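[1] Take this sequence and fold it.
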Amino acid sequence: MDDEIIRIQEKRKQELIEKMKHPAKVAVVTDVEETHFVEFIRTNQYAVIDFWAEWCGPCRRIAPIMEELSMEFSDKVAFGKCNTDRNQKLAREFNIDAIPAIMLYANGQLVDRIIGAYPKEAIREKIVSKFRIR
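    Sure thing, here's the model as predicted:
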């Protein structure tokens, strides 16, 4: 019995060492406000911004998808979220009349938009095709 416990402990130790070698990716979706919106899209070669509001049910369904995609593309694409209630000037500037509205920027320029709560794979495919990344 003691040998079995030692073997299990040794196996668990090796698993932990492997995890430390390959740290888990962390979801990073930055809150984007009017005051630093331009800086965010200009300082990131590729940026995806989710325009949303707290009262919006479909927006709440999209939030975890944005987090998952931010982990998947963590070294290639910056992800942000912009609350349209707190940033009405930006919402008007981009003629956002339905949310969620996901804007894709490449080199500071708007290259596409997704209006509505699309499945993760549809959003992922749009990111891959517009930014030409894998």
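[2] Find the nearest non-adjacent residue to K76, please.
    I133 (5.2 Å; C-beta to C-beta, 6 or more residues apart in numbering). For the C-beta atoms, the positions are set from N, CA and C on the backbone; glycine is no exception.
[3] Around the one you found, count how many other residues there are.
    I133: 13 surrounding residues under other C-beta atoms under 10 Å.
[4] so it touches V77, yeah?
    Yes - contact criterion C-beta atoms under 8 Å: I133 and V77 qualify, at 7.3 Å.
[5] In contact with the residue nearest to K76, which residues?
    46, 73, 76-77, 127 (C-beta atoms under 8 Å, 6 or more residues apart in numbering).
[6] report the longest helix in the chain, please.
    For the chain, the longest helix by residue count, based on DSSP state H, is helix 2-21.
[7] Send me that helix as PDB with only the CA atoms.
    What follows is helix 2-21, C-alpha atoms only, in PDB (Å, rounded to 0.1, in the frame of the first residue of the first chain):
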ATOM      1  CA  ASP A   2       2.800   2.400   0.800                       C
ATOM      2  CA  ASP A   3       4.400   1.800  -2.600                       C
ATOM      3  CA  GLU A   4       1.100   2.700  -4.300                       C
ATOM      4  CA  ILE A   5       0.800   6.000  -2.300                       C
ATOM      5  CA  ILE A   6       4.400   6.900  -3.300                       C
ATOM      6  CA  ARG A   7       3.700   6.100  -6.900                       C
ATOM      7  CA  ILE A   8       0.600   8.300  -6.900                       C
ATOM      8  CA  GLN A   9       2.500  11.100  -5.200                       C
ATOM      9  CA  GLU A  10       5.300  10.900  -7.700                       C
ATOM     10  CA  LYS A  11       2.800  10.900 -10.600                       C
ATOM     11  CA  ARG A  12       1.000  14.000  -9.200                       C
ATOM     12  CA  LYS A  13       4.400  15.700  -8.700                       C
ATOM     13  CA  GLN A  14       5.300  15.100 -12.400                       C
ATOM     14  CA  GLU A  15       1.900  16.400 -13.500                       C
ATOM     15  CA  LEU A  16       2.400  19.600 -11.500                       C
ATOM     16  CA  ILE A  17       5.900  20.100 -13.000                       C
ATOM     17  CA  GLU A  18       4.500  19.700 -16.500                       C
ATOM     18  CA  LYS A  19       1.800  22.300 -15.700                       C
ATOM     19  CA  MET A  20       4.500  24.800 -14.500                       C
ATOM     20  CA  LYS A  21       6.400  24.300 -17.800                       C
END
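[8] Right, I'll leave it there.
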